[in-house]
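Enquirer: Generate coordinates for the sequence data below:
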Amino acid sequence: MAITGAVELLATWEAGLAEAPSGRALLLHRTARPDVDVASLPVLPVGEREADLFALRRALFGERMQVRLACSACGEDMEFDLDAGEFARSLGGRGGSGDGAGGSAGGPGGSVGGRDSSAGDASFAGSASSVGSASFAGAVVRVRQDGWDVVFRLPGVADLTAAARAADPRAALLSRCLVSAVRDGTDAGPDDLPVPVQRRIAEAVEAADPGADVTLNIACPECGEATRAELDIASYLWTELDTWARDLLLDVHLLATSYGWSEPEILALSPLRRRYYLELCADV
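Expert: Prediction:
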């Protein structure tokens, strides 16, 4: 992953100010994956996007992620650290079968991971790849059960967004991502799939793309009860980028006021030199 400069990051932040959370997530993913066509990013499996965003977070702000969570039982505030690099490696480590492992990192007395369901009689195959890194655009799972032979595409962000707008999101997602369904040699549609087969498809997708649903399971140090919460890396990373951008623009203002330099001239300085000049301004 190429390290994005301050000018490019500020442009991403500025563009995201007018966007909804989904638009900000896409901007961050575009920053993380400049090697992928923008139109292709929303169709990548959700777990791949999450791994990309964890890798971007590590590249920009380091591996240590500070997380604060309230205990669902007693309300106690819990603070702990997560490892962005470990998340990026574990979520990005999908192989060629449906037995992918979820992310693993530890909070105090807890665990972190993706979905851990077993797909049963199911297989996973990637139908596209990009140079230098695994890419699962168009990746599918295949499920065989009770005379059914079903091929289902791993959902991307675009699929989830579209399905959420439908009256029946589950049915809409099934219709969008179903590649083929055959029962005893006869083609069938999404409405024909029985509930047990639909359940097996969901399990196969969860196993093939475990990073699509990253959850925290943290034991409270006060009461011992476990609290589960989703870790939304896109929202977490955007909050950090927003804080960084506002702090940087304040630095630009102070240096421009003191030295008369332009914004491009100030941003061209290394962070260390900017900090040194700011210290000199404070000493005056």
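
Enquirer: what mean pLDDT does the lengthiest helix in the chain have?
Expert: Longest helix in the chain by number of residues (criterion: DSSP state H): helix 233-259. The pLDDT scores in helix 233-259 average 96.

Enquirer: before we move on, what about stretch 204-216?
Expert: 88.

Enquirer: Restricting to C-alpha, output that stretch in PDB.
Expert: Extracted C-alpha coordinates of stretch 204-216, given in PDB (Å, rounded to 0.1, in the frame of the first residue of the first chain):
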ATOM      1  CA  ALA A 204     -21.100 -20.600   3.600                       C
ATOM      2  CA  VAL A 205     -20.800 -16.900   3.000                       C
ATOM      3  CA  GLU A 206     -20.000 -16.300   6.700                       C
ATOM      4  CA  ALA A 207     -17.200 -18.900   6.500                       C
ATOM      5  CA  ALA A 208     -15.800 -17.600   3.200                       C
ATOM      6  CA  ASP A 209     -15.800 -13.900   4.200                       C
ATOM      7  CA  PRO A 210     -15.400 -13.900   8.000                       C
ATOM      8  CA  GLY A 211     -14.200 -10.300   8.100                       C
ATOM      9  CA  ALA A 212     -17.500  -9.000   6.900                       C
ATOM     10  CA  ASP A 213     -18.800  -8.900  10.500                       C
ATOM     11  CA  VAL A 214     -16.000  -8.000  13.000                       C
ATOM     12  CA  THR A 215     -17.300  -8.100  16.500                       C
ATOM     13  CA  LEU A 216     -15.700  -7.500  19.900                       C
END
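
Enquirer: Let me see the ranges of the helices in the stretch 151-284 of the chain.
Expert: Along the stretch 151-284 of the chain, the segments classed as helices by DSSP state H, counting those that start in this stretch run 157-164, 169-177, 195-208, 233-259, 263-267, 271-283.
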